[in-house]
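Participant: return atomic coordinates for the entry below.
(one chain, ligands or ions: 1)
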Amino acid sequence: MKIALLGYGTVGRSLDELLKRRDLNIEVKRILRRNKDPKDSRVTDSIDDILQDEEIVCVAEALSGREPADSYLKMIMESGKHVVSANKAAIASDFEGLLKLAGKMGTTFLFEASSGGTIPWIENIKEIRETDEIVSLKGILNGTCNFIIDKMEREGIEFEDALRTAQSLGYAEADPTADIGGHDTYNKALISCSLAYNGFVKKDFPVLGMEKLTRDMLKELEAEGKTVRFMMLSERSGDRYAVGVAPMVVRKDSIEANVRQNFNCASLTGVTVGELKFYGQGSGGYPTADAMVRDLVRVRDKKTEPDILEKKLVYDDSLIEGVGYFPFGKKRGLLSELIVEARKKDVFMAFEHEEDNEVNA
Ligand code: HSE
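Facilitator: Numbers count the residues shown, from 1 in each chain. So this is what the prediction gives:
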């Protein structure tokens with residue numbers, strides 16, 4: 001199978017190398033990148049070279065940011081080619097439009113690498129949702145944030161120093177405000193919840209970043225046997241759902257509190273299966289590229305089904321209630337209200353979902 005690769009950053013380059021190393025009968029015929037490489041005849045800076053090449057049946061997209069990636073994804077689908085993407089920002093910007101266009105054109109659109117890095121998270125959501133009703137999702141879905149908290153906790157360093165190390169290791173986005181401000185986790189939550197609940201979740205659900213976390217706050221929580229993880233949390237009841245992204249208070253002996261470095265841990269709860277947890281590397285070139293390889297193999301083997309999300313979902317923020325830990329004390333409330341208050345007062349807040357912490361106790 002001949003493919004084209006869009007983007008040659010950390011993930012794109014790793015994907016190219018993995019495909020060269022492995023005997024999968026998947027060949028990168030063209031590479032779209034800004035800086036032309038005179039030594040590599042596959043490289044072009046024109047998307048038309050790829051769209052017009054009839055030998056290319058699938059395009060692997062590893063660009064960063066929403067545009068031009070979103071437009072390219074649509075142009076590729078319209079040209080009848082299949083798409084594998086790692087780009088959560090582009091996918092979340094018009095998830096509904098992209099899925100509908102893929103359905104209309106009869107092209108395959110896979111995005112395992114977009115959420116949870118190398119963890120088989122998207123495929124497991126799709127599989128469980130076929131037979132069971134998924135009623136809750138939660139997870140550490142940003143490696144950079146987890147790396148920062150872990151470093152602060154274990155090495156006693158401050159936020160800025162930990163962020164610089166995460167950037168040097170290639171975990172952080174080009175603009176790390178997407179990581180620490182929560183937008184990256186928001187994108188992954190939007191994709192995951194829409195798939196799990198079989199309908200498109202609204203775009204303006206509450207998000208609070210973790211920029212204001214300090215070592216002192218972690219020490220105070222430690223005295224209570226707790227710590228913080230940066231997470232998405234979602235609950236669903238029938239057609240109603242709530243979802244939010246924020247720093248979350250977790251017990252020190254919970255699985256989440258023991259997720260280290262850039263690792264992710266995402267959980268889903270089904271009515272029948274109960275809670276399932278998926279743990280692994282959520283960022284980094286080779287792990288993320290490996291998830292793209294698995295999608296490419298699905299395209300090669302034609303093992304794909306279109307995603308048709310049919311349910312009309314209703315947002316109901318009363319489904320997530322708990323305790324907000326503010327610098328001025330604790331306060332009970334809905335996750336959405338507590339996030340609004342923290343944003344308004346421009347202060348740190350970590351949310352404790354007591355149900356989760358009781359279950360883990
Ligand atoms: N910046 C992202 C993270 C990359 O740190 O999780 C993987 O999506």
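Participant: use CA for all of it now, contacts and neighbours both
Facilitator: Will do.
Participant: anything in stretch 210-228 near the ligand?
Facilitator: No - residues of stretch 210-228 are not located near the ligand by CA under 6 Å from any ligand atom, the shortest gap being 13.2 Å.
Participant: end to end on that stretch, go ahead and measure it.
Facilitator: 10 Å (CA to CA, to the nearest Å).
Participant: list the contacts of that stretch.
Facilitator: 145, 149, 152-153, 156-159, 180-182, 230, 246-252, 257, 347-348, 350 (CA atoms under 8 Å, 6 or more residues apart in numbering).
Participant: and this protein, which residues reach the ligand?
Facilitator: Counting by CA under 6 Å from any ligand atom, the chain sits next to the ligand at Gly117, Asn142, Gly143, Thr144, Tyr171, Ala172, Glu173, Asp179, Gly282, Ser283.
Participant: from the contact counts, what lies against the helix or strand that contains Asp161?
Facilitator: Per DSSP states H and E: Asp161 is located in helix 159-168. If contacts are counted by 3 or more CA pairs under 8 Å, 6 or more residues apart in numbering; DSSP states H and E, helix 159-168 sits against helix 143-155.
Participant: gap between the helix it packs on and the chain center?
Facilitator: Offset of helix 143-155 from its chain centre (CA atoms, centre = their mean, to the nearest Å): 18 Å.
Participant: break down the stretch 1-150 of the chain into its strands, ranges please.
Facilitator: 2-6, 27-32, 43-44, 56-61, 82-85, 109-110, 134-140 (DSSP state E, counting those that start in this stretch).
Participant: so what does the closest residue to Val11 other than its chain neighbours look like in phi/psi?
Facilitator: Sequence neighbours aside, Gly285 is the residue nearest to Val11 in space, at 4.4 Å (criterion: CA to CA, 6 or more residues apart in numbering). In terms of degrees, to the nearest 10, the main-chain angles of Gly285 are phi -60, psi -60.
Participant: OK, contacts around Gly285?
Facilitator: Thr10, Val11, Gly12, Arg13, Ser14, Leu15, Gly170.
Participant: would you format the residues you listed as a markdown table with pLDDT and neighbour count included?
Facilitator: Converted to a markdown table, the contacts of Gly285 look like this (pLDDT from 0 to 100; neighbours: other CA atoms under 10 Å):
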| residue | pLDDT | neighbour count |
| --- | --- | --- |
| Thr10 | 91 | 17 |
| Val11 | 95 | 26 |
| Gly12 | 97 | 26 |
| Arg13 | 96 | 17 |
| Ser14 | 97 | 19 |
| Leu15 | 98 | 26 |
| Gly170 | 81 | 16 |
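Participant: ends of stretch 302-319, how far apart?
Facilitator: The first and final residues of stretch 302-319 sit 39 Å from each other (CA to CA).
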